[in-house]
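1. Here is my input, please return the structure:
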Amino acid sequence: MEEIERKFLVADDSWRSSVISTNRMVQAYLAIGERAQVRVRSSGDKAWVTVKGQAKGISRPEFETEVPVDFVEGVRSSGLCEGSPVEKDRHVVDVDGYLFEVDVFLGDNEGLVLAELELDTADAEFPRPPWLGEEVTDDKRYRNAYLATNPWASWNRDGDMDVYPST
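-> Numbering: from 1, shown residues only. Sure, this is the predicted structure:
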């Protein structure tokens, strides 16, 4: 299966008026490599194991299967995962029939807010609401696997965080 996704920084909170659902997610990475990443994720009473392949532009192979929540909790507590768990509240936001996922990060990545949109094709047109900020699809620092081992709060240790770092 192929995932085609665009990722953006979020410019302001005006998206909140269009939220149709919210879920808390916690994910951890068993393997983070150039060719593939393996993660476990839970949200409420659901859990998954996902394998993502290397990105080619804005698309990449992705394979996911649902597993018991206690399996994911066991993996997370086993000491086998790389870095820290990535915690976030995922808000689904409807913009003209397009479902953006706005992730408000918690824990070590608190303060970071990203929007993702899955598309059918790499060149698909989509609405660009005013709250949609700079596109960071090609910036690997904004991938969850990177955030697990390089939390957003640690990107600039002198406290002068540049929310929109140049790449």
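
2. from here on, contacts and neighbour counts on C-alpha atoms
-> Fine.

3. Please, where are all the helices along this protein?
-> 69-77, 144-149 (DSSP state H).

4. Point out the most buried one among those helices.
-> Mean neighbour count (mean count of other C-alpha atoms under 10 Å) peaks for helix 144-149 among these, with a mean of 20.

5. Tabulate the helices of the chain (a markdown table), appending distance to residue 83.
-> Shown next, in a markdown table, are those (distance: least, C-alpha to C-alpha, whole Å):
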| stretch | distance to residue 83 |
| --- | --- |
| helix 69-77 | 11 |
| helix 144-149 | 4 |
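
6. Which of the ones you listed sits closest to residue 102?
-> Proximity to residue 102 (C-alpha to C-alpha) singles out helix 144-149 among these, at 13.4 Å.

7. now that closest one: mean pLDDT?
-> Averaged across helix 144-149, the pLDDT comes to 96.

8. From the chain's centroid, how far away is it?
-> How far helix 144-149 lies from its chain's middle: 9 Å, per C-alpha atoms, centre = their mean, to the nearest Å.

9. quick revisit: ok, which of the helices of the chain comes nearest residue 101?
-> For those, proximity to residue 101 was assessed by C-alpha to C-alpha; helix 144-149 is nearest, at 13.8 Å.

10. For the protein, which segments are assigned as strands?
-> 2-10, 19-32, 36-43, 46-53, 59-66, 82-95, 98-105, 113-118, 132-135 (DSSP state E).

11. check contacts around the residue nearest the centre of the chain.
-> Note on the chain: the residue nearest the mean C-alpha position is residue 144, at 5.0 Å, using C-alpha atoms, centre = their mean. The contact partners of residue 144, by C-alpha atoms under 8 Å, 6 or more residues apart in numbering, come to residue 86.
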